[in-house]
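Trainee: I'll drop the sequence and a predicted model, then ask my questions.
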There are 2 protein chains.
Amino acid sequence: MKNMELDRIDCALIELLQNDARLSNKELAAAVGLAPSSCLARVQRLRTEGVLKGAHAEVDPQALGVGLQALIAVQLRQHSRAQVKAFWKHVMGLPEVLAVFHVAGTHDFQVHVAVRDAHHLRDLALDAFTTRSEVAHIQTSLIFECAKGKAMPNYRA
Amino acid sequence: MKNMELDRIDCALIELLQNDARLSNKELAAAVGLAPSSCLARVQRLRTEGVLKGAHAEVDPQALGVGLQALIAVQLRQHSRAQVKAFWKHVMGLPEVLAVFHVAGTHDFQVHVAVRDAHHLRDLALDAFTTRSEVAHIQTSLIFECAKGKAMPNYRA
DNA sequence: ATTGTTTCACGAAATGAATTCGGCCGGACA
DNA sequence: TGTCCGGCCGAATTCATTTCGTGAAACAAT
């Protein structure tokens, strides 16, 4: 399941679907030069093998009232497995959290959050971070702008 | 275009599509209690209004030979608009880059990268970051684990 | 109240896509 | 050479998407 063979066509399919998961099977087939039925078989295989793990719609933050995003760097008091796990579960349960990174370095976590405004951010920092017993210190960085890369790089091709 | 009305059903559609962009229109319609045709009209409207901005397949990093991810914190030498823009364009052109955050704080950027291994990360840091004239200092943090939240929070509902 | 207007949802029909299936080609192997 | 195996094709079926005409509710103005 882990190291499956990906030929040139598989890679093309993966890249196309990363850019636009809504491409029809027909369009996909045309793009890679395969018959729709063959193309479908490949995509299904990629899905069942776990290479393609799902698809998610991208939504405009502004449309949802998200006016501000931030990265919150978190230092824990101790690095015990229990504390790490507890904090992880806690932040993943917060609606404001877009992503959590457990990192090695001067901080233990980087938490990407989306909030209404500065006031909301302050409340979130105070209520959901600094009050936690396992949290030693946080440092909040406002995000001016953020962008995602087009696709995950492929180091097998 | 900016402040469009989103009723209960629109919000439900948005949330469903964030969790799984591959839901068929028929399934979507059933989930929100609408006829397929009505549901389609709404989804199309959300798309043309820019609330839904696209969909992207999620792929397993391991399957593509990505064995390591990291967050690289970058400090620029100067904060001139030209330098910020130049650096932004540069990192967005790198295949290893998954996301870029331009932030306010002790660092100027946080760059999320996906690499083959530690060796690859070293080369990337040296070749694509520290050699850039606008970069004053970088600090690399290995990512142990990272997870994305289920959906963008909705502060209009 | 009534009339006109707008908005939205419905459902049937037409259009087009996804999926299934049998058969075919080409390479691997003995 | 003969057989096996994997992958692709193309037509047929099944199913979903999309279009379009209709009608019900909300609202404004007369």
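Mentor: Looks like it came in fine.

Trainee: what about the residue most central in space within chain A, helix or strand, and which?
Mentor: Nearest residue to the geometric centre of chain A (Cα atoms, centre = their mean): residue A:99, 5.8 Å. Residue A:99 is part of strand A:97-104, with elements assigned from DSSP states H and E.

Trainee: tilt between the helix or strand just after that strand and strand B:109-115?
Mentor: Following strand A:97-104 in sequence order, the next helix or strand is strand A:109-115 (DSSP H and E). Relative orientation of strand A:109-115 versus strand B:109-115 (axes from the mean of the first three to the mean of the last three Cα atoms, to 10 degrees): 120 degrees.

Trainee: just the strands in chain A please.
Mentor: A:52-59, A:68-76, A:97-104, A:109-115, A:135-148 (DSSP state E).

Trainee: in the strand holding residue A:99, what counts as buried?
Mentor: A:97-103 (16 or more other Cβ atoms under 10 Å in any protein chain shown). No exception for glycine: its C-beta is placed from N, CA and C like everyone else's.

Trainee: for the residues you listed, which one is nearest DNA strand D?
Mentor: residue A:98 (27.7 Å; Cβ to the nearest atom of the strand).

Trainee: contacting residues for the closest one?
Mentor: For residue A:98, the contact set (Cβ atoms under 8 Å, 6 or more residues apart in numbering or on different chains) comprises A:69, A:112-114, B:148-149, B:152.

Trainee: ok, the closest residue to residue A:53 other than its chain neighbours to residue B:24 distance?
Mentor: Distances taken as Cβ to Cβ, 6 or more residues apart in numbering or on different chains put residue B:58 closest to residue A:53, at 4.6 Å, once the chain neighbours are dropped. Remark: distance between residue B:58 and residue B:24 (Cβ to Cβ, to the nearest Å) = 18 Å.

Trainee: so for those two, which residue has more residues nearby?
Mentor: residue B:58 (16 against 9; other Cβ atoms under 10 Å in any protein chain shown).

Trainee: which residues does that one bridge with?
Mentor: On the basis of DSSP bridges, residue B:58 is bridged to residue A:54.

Trainee: for residue A:26, see how far away the residue of chain A positioned farthest from its centre is.
Mentor: Most distant residue from the mean C-alpha position of chain A: residue A:35, 32.7 Å away (Cα atoms, centre = their mean). According to Cβ to Cβ, residue A:35 and residue A:26 sit 10 Å apart.

Trainee: enumerate the residues of chain A near DNA strand D.
Mentor: Taking Cβ under 7 Å from any atom of the strand as the contact definition, chain A meets DNA strand D at A:9, A:33-38, A:41-42.

Trainee: residue A:21 touches residue B:22, doesn't it?
Mentor: Yes. At 6.7 Å, residue A:21 counts as touching residue B:22 under the criterion of Cβ atoms under 8 Å.

Trainee: need the strands of chain A in TSV (columns: mean pLDDT and distance to DNA strand C).
Mentor: Listed next are these as TSV, based on pLDDT from 0 to 100; distance: least, Cβ to the nearest atom of the strand, whole Å:
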stretch	mean pLDDT	distance to DNA strand C
strand A:52-59	97	13
strand A:68-76	98	29
strand A:97-104	98	29
strand A:109-115	98	27
strand A:135-148	97	25
